[in-house]
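1. Below: sequence and its predicted model.
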Amino acid sequence: MVILITGGAGFIGSNLIHYWLAQNPGDTIVNFDALTYAGNLANLAGVESNPNYHFFQGDLRKQEQLDEVFEQFSIDSVIHLAAESHVDRSINDPSPFIESNIKGTFQLLETARNHWQEDLKDHRFLHVSTDEVYGTLGKEGLFTEQTPFAPNSPYSASKASSDHLVRAWHHTFGMDTLITHCSNNYGPYQFPEKLIPLMIRNCLLGKELPVYGDGLQVRDWLYVEDHCEALDVVFHRGQSGESYNIGGLNEWENLSMVRYICQFMDAELGNSPEQSCLNLIRHIQDRPGHDRRYAIDASKIQNQLGWQPRHQIGEGLEKTMRWYLDHQEWVEQVTSGAYRDYYKHHYGTG
Ligand code: NAD
Ligand code: DAU
């Protein structure tokens with residue numbers, strides 16, 4: 001089976017490629033990625049020489065590049081992760097989100113449909129989406145697959161739009177599609193614009209730790225390898241046309257998460273109480289439209305497909321923090337150049 005993984009040079013995509021090649025050695029993976037600021041081939045250094053792995057630098061927005069990759073590799077199936085993924089950037093400039101996430105998904109669906117028209121039902125298209133399409137929760141309740149869509153940011157609205165396109169391609173054209181809605185991931189290779197790696201990096205540099213608003217917003221954290229396993233299970237055993245929620249049942253207030261990271265880093269760096277990273281925490285202006293709480297009901301994937309997360313949060317966080325401590329050159333490399341301009345523009349400090 002030749003599987004096109006889009007966005008394979010990003011955080012989840014690169015973890016998925018490592019995972020997939022190890023778990024499914026008979027499959028060939030073609031990684032289609034535009035290498036935006038978030039895509040980094042260093043994430044894939046360990047698999048470059050694997051004969052079952054190919055990289056194709058291409059942009060979802062360029063039709064001829066999509067046609068070329070489908071023709072060159074006779075793609076059997078697609079796992080679609082490529083997207084602009086950072087909420088704050090979508091607030092600063094929504095346009096790339098509309099282009100890549102909506103138009104890009106449309107072009108990918110149409111390319112697949114054209115190339116598979118003889119036997120459309122024999123080819124799977126797994127679309128990787130997010131829990132953010134459901135909007136925000138109050139203190140109680142969980143998102144189920146029946147929760148109505150109510151996206152609140154340009155990012156989540158663009159993902160919700162792409163989900164609707166995938167759904168329509170199943171119902172109208174009979175494409176064999178699947179959609180997943182996952183909660184917040186953490187783990188190796190996550191770009192340090194996202195909460196956990198940003199806080200780890202800033203602790204190491206002795207920089208302020210910017211917490212939006214009161215910091216009591218809640219996220220449901222899942223170790224990235226558990227997400228990869230869930231995608232494998234959905235791809236192989238999911239029911240055509242269905243969607244599946246994926247989550248860790250690990251709800252944390254942001255401030256508690258930042259404090260936990262500080263305590264770990266203090267121990268690693270041998271900080272005295274006066275030097276503690278806790279002193280670096282700064283409450284700054286809240287994110288506009290900030291969703292208060294996400295939490296996933298993952299009982300459908302658990303009951304129907306037998307998946308559940310393997311990593312306890314403490315174990316996953318420790319692995320993640322150690323990985324960042326051991327890969328400081330990677331952090332340095334991906335945060336050089338344009339990231340520094342983004343940081344200054346967004347946080348108003350260097
Ligand atoms: P990421 O930003 O780390 O990686 C995105 C990748 O997509 C990058 O390699 C980038 O170069 C590529 N890309 C962007 N636009 C492209 C285009 N037009 N053409 C080709 N490639 C393009 O993102 P991530 O955190 O790994 O997320 C991957 C997917 O999973 C996204 O679709 C996201 O919505 C979804 N998701 C993420 C999380 C999370 O917590 N990170 C949770 C649930 C769902
Ligand atoms: O829920 C899944 C989503 O999780 C994915 O679809 C997105 O691609 C992914 O980026 C993530 O979105 P969030 O907005 O939840 O993640 P982020 O790491 O940006 O922020 C997590 C929480 O931390 C959120 O409540 C905002 C807060 N935060 C974030 C940053 C970057 C801060 O308080 N300070 C910060 O500097």
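-> That came through fine. Numbering: from 1, shown residues only. Ligands and ions are numbered 1, 2, ... in the order given.

2. How much space separates His346 from Ile79?
-> Distance, His346 to Ile79, using Cβ to Cβ, to the nearest Å: 30 Å. In this view, the C-beta of every residue, glycine as well, is placed from N, C-alpha and C.

3. does any bit of the longest helix anywhere in the chain sit next to ligand 1?
-> Assignment by DSSP state H gives helix 154-173 as the longest helix of the chain. Yes - Helix 154-173 is in contact with ligand 1 by Cβ under 6 Å from any ligand atom, via Lys159.

4. For that helix, which helices and strands make contact with it?
-> helix 87-92, helix 95-97, helix 104-115, strand 124-130, strand 176-182 (3 or more Cβ pairs under 8 Å, 6 or more residues apart in numbering; DSSP states H and E).

5. Just the buried residues of the first one, please?
-> Which is helix 87-92. 87-91 (16 or more other Cβ atoms under 10 Å).

6. Going by distance to ligand 2, which of these wins?
-> Val87 (4.0 Å; Cβ to the nearest ligand atom).

7. That closest one and Ser156 touch, don't they?
-> Yes - Val87 is within contact range of Ser156, at 7.4 Å (criterion: Cβ atoms under 8 Å).

8. and the stretch 51-200 of the chain, which residues reach ligand 1?
-> Residues of the stretch 51-200 of the chain lying near ligand 1 (Cβ under 6 Å from any ligand atom): 59-61, 81-85, 100, 104, 128, 130, 159, 182, 184-185, 191.

9. how does it look with 8 Å?
-> 58-61, 80-86, 96, 99-101, 104, 128-132, 155, 159, 180-186, 189-191, 194 (Cβ under 8 Å from any ligand atom).

10. mind listing what Phe11 touches?
-> By Cβ atoms under 8 Å, 6 or more residues apart in numbering, the contact set of Phe11 is 38, 43, 85, 185, 187, 189-191, 194, 224.

11. so which of these are also by ligand 2?
-> Among the contacts of Phe11, the residues lying close to ligand 2 (Cβ under 8 Å from any ligand atom) are 85, 185, 194.

12. I figured Ser90 was touching Ser158, is that so?
-> Yes - taking contacts as Cβ under 8 Å, Ser90 lies within contact range of Ser158: 7.2 Å.

13. Mutual contacts of the two, please.
-> Each of 84, 97 lies in contact with both Ser90 and Ser158 under the rule Cβ under 8 Å, 6+ apart.

14. what's the first-to-last distance across stretch 265-279?
-> End-to-end distance for stretch 265-279: 12 Å, by Cα to Cα, to the nearest Å.

15. Could you see whether ligand 2 lies near that stretch?
-> No - against ligand 2, stretch 265-279 shows no contacts by Cβ under 8 Å from any ligand atom, the least distance being 14.5 Å.
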